[in-house]
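**Student:** got a structure for you, letters missing:
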């Protein structure tokens, strides 16, 4: 029975996230239906991780097993012919039976893209806003607040290393189900506070101290620590084509973690909190200590390393 590894890219705009949900369009469900039409077999491809509604992927990885002995090149072509244009298969190949898209992953990289509508510092009278093209808007956060780029970078520096990221994790509504089965069945829920819902979030304070420096064997340390402990290897901002782009690589990410980090960095960059508050927010292990959730449409899964 051939075991398959697919690498795929998708525009998350028309989908309610990766995982199958009853009566809702999802990437996983669309891929499963397409495989069934081609092969007649019912499988549920397992992804390297869930992406929420509206989140995009440049290189998501999925694995599954089929009975049909289809040549990889033929399967690759057939999938792209049958899938909607919003999902493209970049590669289709056989993999060892022990390979699993999620469990075998060592690192993941995400990007978050912001269109800074208002230059920093804003002038008085108010600077005329830049216009975000409708050709770009579905893939960026069209941010209406002036963001200090240097503060964004300073805030991002604070999360490198091994930390408990409870303060940046949304409550995962289907964690019990996912731990009990191999299939993600639950529907994601948005955080209660988002940047789009709150134009003026209040400053929040956290107490206690940082968790300390990362340990050499980060995966062993993570397994013995809090279930929300992750190691961040790279965390930085750069400018490209008029956008502010956050790139982060980690051993794994919690529900809404990257979007909550970006929302908190944005609070610092608008001077609602200090960038130096980030270690205290981490140490608080309390979601209410961190900032609002950045919009989903600016987030991309860029790479999964095995």
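**Tutor:** Yep, it's here. The structure presented is a predicted model; accordingly, all values stated were derived computationally and were not measured. Numbers count the residues shown, from 1 in each chain.

**Student:** make it CA atoms for all contacts and neighbour counts henceforth
**Tutor:** Noted.

**Student:** Might you list the low-confidence residue ranges for the chain?
**Tutor:** Within the chain, the segments meeting pLDDT under 70 span 122-127, 172-225.

**Student:** Could I get the full set of helices for it?
**Tutor:** For the chain, helices defined by DSSP state H occupy the ranges 27-39, 72-82, 149-157, 175-180, 218-224, 257-269, 278-284.

**Student:** got the contact list for residue 246?
**Tutor:** 111-113, 235-238, 262 (C-alpha atoms under 8 Å, 6 or more residues apart in numbering).

**Student:** In JSON lines: the residues you listed, plus distance to residue 136 and neighbour count.
**Tutor:** Conversion of the contacts of residue 246 to JSON lines gives the following (distance: C-alpha to C-alpha, whole Å; neighbours: other C-alpha atoms under 10 Å):
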{"residue": "111", "distance to residue 136": "15", "neighbour count": "23"}
{"residue": "112", "distance to residue 136": "14", "neighbour count": "27"}
{"residue": "113", "distance to residue 136": "11", "neighbour count": "23"}
{"residue": "235", "distance to residue 136": "24", "neighbour count": "21"}
{"residue": "236", "distance to residue 136": "22", "neighbour count": "18"}
{"residue": "237", "distance to residue 136": "19", "neighbour count": "21"}
{"residue": "238", "distance to residue 136": "18", "neighbour count": "13"}
{"residue": "262", "distance to residue 136": "19", "neighbour count": "25"}
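
**Student:** From those, which land in strands?
**Tutor:** If you go by DSSP state E, those have 111-113, 235-238 in strands.

**Student:** one step back: so of the helices of the chain, which one's packed in deepest?
**Tutor:** helix 257-269 (a mean of 25; mean count of other C-alpha atoms under 10 Å).

**Student:** buried set for stretch 101-113?
**Tutor:** By 16 or more other C-alpha atoms under 10 Å, the buried positions in stretch 101-113 come out as 101-102, 105, 107-113.

**Student:** Please read the previous query as pertaining to stretch 61-69.
**Tutor:** For stretch 61-69, using 16+ other C-alpha under 10 Å, the buried residues are 61-66.

**Student:** ok, the residues you listed vs residue 277, which is closest?
**Tutor:** Using C-alpha to C-alpha, residue 61 comes nearest to residue 277 of the buried residues of stretch 61-69, at 35.4 Å.

**Student:** Residue 10 is in contact with the closest one, correct?
**Tutor:** No: using C-alpha atoms under 8 Å, residue 61 is not in contact with residue 10, being 11.3 Å away.

**Student:** which residues are in contact with both of these two?
**Tutor:** With C-alpha under 8 Å, 6+ apart, residue 61 and residue 10 have no common neighbours.

**Student:** burial measure for residue 129, as a count.
**Tutor:** 13 (other C-alpha atoms under 10 Å).

**Student:** Any figure for the gap between it and residue 136?
**Tutor:** According to C-alpha to C-alpha, to the nearest Å, residue 129 stands 16 Å off from residue 136.

**Student:** Take the ones in strands among the contacts of residue 246 and lay them out in a markdown table including distance to residue 45.
**Tutor:** Listed next are the ones in strands among the contacts of residue 246 as a markdown table, based on distance: C-alpha to C-alpha, whole Å:
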| residue | distance to residue 45 |
| --- | --- |
| 111 | 24 |
| 112 | 26 |
| 113 | 28 |
| 235 | 30 |
| 236 | 32 |
| 237 | 33 |
| 238 | 34 |
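
**Student:** could I get the buried residues of stretch 101-113 as JSON lines with distance to residue 161?
**Tutor:** Output for the buried residues of stretch 101-113, formatted as JSON lines (distance: C-alpha to C-alpha, whole Å):
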{"residue": "101", "distance to residue 161": "24"}
{"residue": "102", "distance to residue 161": "22"}
{"residue": "105", "distance to residue 161": "18"}
{"residue": "107", "distance to residue 161": "13"}
{"residue": "108", "distance to residue 161": "15"}
{"residue": "109", "distance to residue 161": "15"}
{"residue": "110", "distance to residue 161": "16"}
{"residue": "111", "distance to residue 161": "18"}
{"residue": "112", "distance to residue 161": "20"}
{"residue": "113", "distance to residue 161": "23"}
